[in-house]
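Enquirer: only geometry, no sequence info:
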């Protein structure tokens, strides 16, 4: 093993793929994350909607590398990068030096300049976000059962989802199913089937990244599930009482934000140029401008495809970038000094589910919808989970819901810091 | 169905057994709890120690009674009982009238007049308590990996458990196993096998409610696991730095309180006499003194056996009381006005585990220890869980740990309100 030290910030899809790709490369690796777990974000909405439990889609990062003594895992929050001294500073002052740095720090939700909306309309990026949304949604039904004021009850039973990308559509579908099929028999004072699920999208259609025919199909399925779709309309205000959609105020006690993303502050740490969403504008080899020893990958990098379209912020893209950088580092360590072949993104297809047995898949030429798509979606997601235990656990939870109609994680845990909002 | 309305406060073992026992009795029942879930407390320590996930041992109460339209479930916190007007007031002002009231509100941990210790030494009664302990324990290992100061590292790797009843012993056993067998391969800067687990007990021996020979066996197993046992010693101080045991201060960043319990404020609500631990001193038919329409059961009632010993605060006792009161209410509704036969507690035995393959069972005449006891313990606990899904899920989690040595719920979630303490 030579002394080359690679520091990787972020244990998401990109960071892990990179570390995996460097197995046996004879380098020391320090993997730093502010969480102790890798999170399978594509299924996070299922934790928010009581389908899965937190531990089914998250794994302690350090366990993944127990058998690789050259990998050190540190829990810590990065506050600064010194690209001249080649070091990273953590929150508590610890300084870690690097030979090569890889920033894979992801993105968070963005409120387009309205950060004060965050309190009323949580986004969905972390396990805490998911349990917060789960708690608010379940509490809304509980409170509607207790309170007799009709206007208050209606506001409690109105659920608004802002943004109709895959996450927004998936959330709307499951909340509608919960209200219409899972919960009705359990309440005595309210009819949960009267709950309203509102999906607001500024663009002209839901699931805009899919072919139009699939988008039309998804809209149709959602409408049948009772979701009230508002395309081409903008949310202009979120507060404790509800949302303003265009000029119209809708009283709604539970609001979920699935609209915008903003990159982590990697560009600020490096002092390099960023795009509007804060992503580092990297070179064709994914290095930061002027910093050949610093790579930026995943949601925190702005990368373009050959046709000029941006590489989408999805798990397969981050993984491909992680694998690319691992290969490039190996080539450099092997003395291949020539300019690397540029990163090329291969789009493998887009998948989204809408409720319990509908899904859409867009492979470009091949397009699928309905239950065949749903089965492929389910099998693909189980395949991409980490480890036998999680695959069994998730498959079991889904099978159980399929057989019994009962969700397994309907728990209200933790209290709101300020519970005035609901 | 007649108009008789029974209000039950508390969806623990006693409350649920009571509601189950009134099936088909032709009464209206309102079941009120401040949580939306019933919790299987005997396995809560396994959530705190990363063995099980929260959703494996908790069930939404209202789901359990989906098929009984006469049962209404309300989420709410009781603030007062008016035994003259025969009504209960909830936190938000809602008033619920009753014909018969059953208080099954349980107990919480007590710090013997040192409530300021709660911040540093959380107890283990709720899912939040369990995830708090889990977070602190896992964070201690994480921080020890990052910090190089030897004294700080030692304090981080010292885990103190106060109280050597079943919960304290179970916690100590699993934390020691985690440190010695599960974690070592994952850390690079620390040897987790050097972690200290300290178990402090004011009484003369661990597991005092068991026969002495079993207690000796448990002590032996714990010692082999590396647990440092301090019997006959008292904790005289808990703070952010550690614990004072007698006159000696031990730097310890993670402290768990498994020592004392205190009943819920049921006696105060009723304005009746309570014992030292706040339990209502009930009559032989479990009614509150002078209030024939108010029953108090489970950990919030002080009940004695025929030999003068108190009925222990365990799940089977609460269940027997719930079943007794259900039968008594049925007899009253049937017009049997004669004095009821007094409640008689039947002790079915005591069980406790110490780590992965040791347990003790005390059936009185028959005493078991080692792996046969462990198997009986495991099967009994799976049997008492609610529903097929949970039984499968828990059995699967245990089997997985048995086969792989890997715990499934090693997640750090939620931040401390004040994180100064660790």
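Expert: Thanks, I have the structure now. Just so we're clear, the structure is a prediction, and the values are computed from it rather than from any experiment. Numbers count the residues shown, from 1 in each chain, chains lettered A, B, ... in the order given.
Enquirer: tell me what the lowest-mean-pLDDT helix or strand in chain A is packed against?
Expert: One helix or strand of chain A scores below all others by mean pLDDT, DSSP states H and E: helix A:388-404, with a mean of 82. Packing contacts for helix A:388-404, counted by 3 or more C-beta pairs under 8 Å, 6 or more residues apart in numbering or on different chains; DSSP states H and E, involve helix A:371-384, helix B:387-404. Where C-beta positions appear, they are placed from N, C-alpha and C, glycine not excepted.
Enquirer: quick check: angle from the longest one to helix B:371-384?
Expert: Same thing as helix B:387-404. Here the directions of helix B:387-404 and helix B:371-384 differ by 150 degrees (axes from the mean of the first three to the mean of the last three C-alpha atoms, to 10 degrees).
Enquirer: what residues does helix B:387-404 touch?
Expert: With contact meaning C-beta atoms under 8 Å, 6 or more residues apart in numbering or on different chains, helix B:387-404 is reached by A:389, A:392-393, A:396, A:400, A:404, A:406, A:408, B:43, B:51-53, B:55-57, B:59, B:356, B:378, B:381-383, B:385, B:406-408.
Enquirer: distance from the chain centre to that helix, please.
Expert: Centroid separation between helix B:387-404 and its chain, computed with C-alpha atoms, centre = their mean, to the nearest Å, is 21 Å.
Enquirer: returning to what we had before: export the helices and strands packed on helix A:388-404 to JSON lines and tack on distance to residue B:333 and mean neighbour count?
Expert: Formatted as JSON lines, those follow (distance: least, C-beta to C-beta, whole Å; neighbours: other C-beta atoms under 10 Å in any protein chain shown):
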{"stretch": "helix A:371-384", "distance to residue B:333": "50", "mean neighbour count": "16"}
{"stretch": "helix B:387-404", "distance to residue B:333": "30", "mean neighbour count": "17"}
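Enquirer: now distance to residue B:21 too, for those helices, in TSV please.
Expert: Conversion of these to TSV gives the following (distance: least, C-beta to C-beta, whole Å):
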stretch	distance to residue B:21
helix A:371-384	41
helix B:387-404	19
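Enquirer: in stretch A:351-366, which residues are buried?
Expert: For stretch A:351-366, the neighbour count (16 or more other C-beta atoms under 10 Å in any protein chain shown) marks A:351, A:352, A:353, A:354, A:355, A:356, A:358, A:359, A:360, A:361, A:362 as buried.
Enquirer: can you tell me which two in those residues are farthest apart?
Expert: Maximum pairwise distance in those, criterion C-beta to C-beta, is 20.5 Å, between A:356 and A:362.
Enquirer: for chain A, which spans come out with low pLDDT?
Expert: A:1-2, A:337-339, A:415-422 (pLDDT under 70).
Enquirer: do a quick rundown of the helices in it.
Expert: Listed in chain order, the helices of chain A (DSSP state H) span A:13-21, A:44-48, A:61-64, A:127-146, A:150-156, A:166-177, A:212-224, A:266-270, A:315-333, A:371-384, A:388-404.
Enquirer: can I get the ones you listed in CSV including distance to residue A:82?
Expert: Below are those laid out as CSV (distance: least, C-beta to C-beta, whole Å):
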stretch, distance to residue A:82
helix A:13-21, 20
helix A:44-48, 33
helix A:61-64, 24
helix A:127-146, 31
helix A:150-156, 51
helix A:166-177, 36
helix A:212-224, 46
helix A:266-270, 9
helix A:315-333, 21
helix A:371-384, 36
helix A:388-404, 38
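Enquirer: quick check: which of these is nearest to residue B:346?
Expert: Closest among the helices of chain A, using C-beta to C-beta: helix A:388-404, at 34.4 Å.
Enquirer: what residues are up against residue A:127?
Expert: Residue A:127 sits in contact with A:37, A:39, A:44, A:47, A:54, A:58, B:411, B:413, where contact means C-beta under 8 Å, 6+ apart.
Enquirer: same thing but at 7 Å, please
Expert: Residues near residue A:127 by C-beta atoms under 7 Å, 6 or more residues apart in numbering or on different chains: A:39, A:47, A:54, A:58, B:411, B:413.
Enquirer: among these, which lie within strands?
Expert: Counting by DSSP state E, the part of the contacts of residue A:127 found in strands is A:39, A:58.
Enquirer: redo the contacts of residue A:127 as JSON lines? Include distance to residue A:67 and neighbour count.
Expert: What follows is the contacts of residue A:127, written out as JSON lines (distance: C-beta to C-beta, whole Å; neighbours: other C-beta atoms under 10 Å in any protein chain shown):
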{"residue": "A:39", "distance to residue A:67": "22", "neighbour count": "24"}
{"residue": "A:47", "distance to residue A:67": "28", "neighbour count": "26"}
{"residue": "A:54", "distance to residue A:67": "25", "neighbour count": "25"}
{"residue": "A:58", "distance to residue A:67": "20", "neighbour count": "27"}
{"residue": "B:411", "distance to residue A:67": "21", "neighbour count": "23"}
{"residue": "B:413", "distance to residue A:67": "26", "neighbour count": "23"}
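Enquirer: which of the contacts of residue A:127 sits closest to residue B:266?
Expert: Set against residue B:266, the nearest of the contacts of residue A:127 by C-beta to C-beta is residue B:413 (32.5 Å).
Enquirer: and residue A:43, how many residues sit next to it?
Expert: Residue A:43: 20 surrounding residues under other C-beta atoms under 10 Å in any protein chain shown.
Enquirer: name the nearest residue to it, sequence neighbours excluded.
Expert: Residue nearest to residue A:43 in three dimensions, not counting chain neighbours: residue A:57, with 4.9 Å by C-beta to C-beta, 6 or more residues apart in numbering or on different chains.
Enquirer: so that neighbour is in contact with residue A:41, correct?
Expert: No - here residue A:57 does not reach residue A:41: they are 8.2 Å apart, not a contact under C-beta atoms under 7 Å.
Enquirer: comparing these two, which residue is more hemmed in?
Expert: residue A:57 (25 against 21).
Enquirer: give the contact list for the more buried one.
Expert: Each residue near residue A:57 by C-beta under 7 Å, 6+ apart is listed here: A:39, A:40, A:43, A:44, A:47.
Enquirer: now the second one: phi and psi?
Expert: Right, the one you point to is residue A:40. Main-chain dihedrals, residue A:40, degrees, to the nearest 10: phi -90, psi 80.
Enquirer: quick one: it and residue A:385 touch, right?
Expert: Yes - if you go by C-beta under 7 Å, residue A:40 and residue A:385 touch, sitting 6.1 Å apart.
Enquirer: what residues are bridge-paired with residue A:9?
Expert: Residue A:9 forms beta bridges with residue A:32, residue A:103, as assigned by DSSP bridges.
Enquirer: I meant to write residue A:227 there.
Expert: Legend: beta-bridge partners of residue A:227 under DSSP bridges are residue A:197.
Enquirer: residue contacts, residue A:185?
Expert: Residues in contact with residue A:185 (C-beta under 7 Å, 6+ apart) are residue B:66.
Enquirer: would you mind listing what in chain A touches chain B?
Expert: Selection of chain A residues close to chain B by C-beta under 7 Å from any C-beta of the partner chain yields A:36-37, A:53-55, A:58, A:60, A:62-63, A:66, A:72, A:74-76, A:94, A:127-128, A:138, A:142, A:145-146, A:185-186, A:188, A:389, A:392, A:396, A:400, A:406, A:408-414.
Enquirer: hang on, the earlier thing: wait, which of the helices and strands packed on helix A:388-404 is closest to residue B:208?
Expert: Residue B:208 sits nearest to helix B:387-404 of all those, at 27.5 Å, using C-beta to C-beta.
Enquirer: quick one: that closest one to helix B:166-177, angle?
Expert: Orientation of helix B:387-404 against helix B:166-177 (the same axes, to 10 degrees) gives an angle of 40 degrees.
Enquirer: if we can go back for a sec, and of the helices of chain A, who's closest to residue B:173?
Expert: Ranking those by their distance to residue B:173 (criterion: C-beta to C-beta) puts helix A:61-64 first, at 21.1 Å.
Enquirer: helices or strands up against that closest one?
Expert: strand A:37-39 (3 or more C-beta pairs under 7 Å, 6 or more residues apart in numbering or on different chains; DSSP states H and E).
Enquirer: direction included, what does the strand it packs on pair against?
Expert: strand A:58-60 (antiparallel).
Enquirer: check the offset of the strand it pairs with from the chain's centre.
Expert: A distance of 15 Å separates the centroid of the chain from that of strand A:58-60, by C-alpha atoms, centre = their mean.
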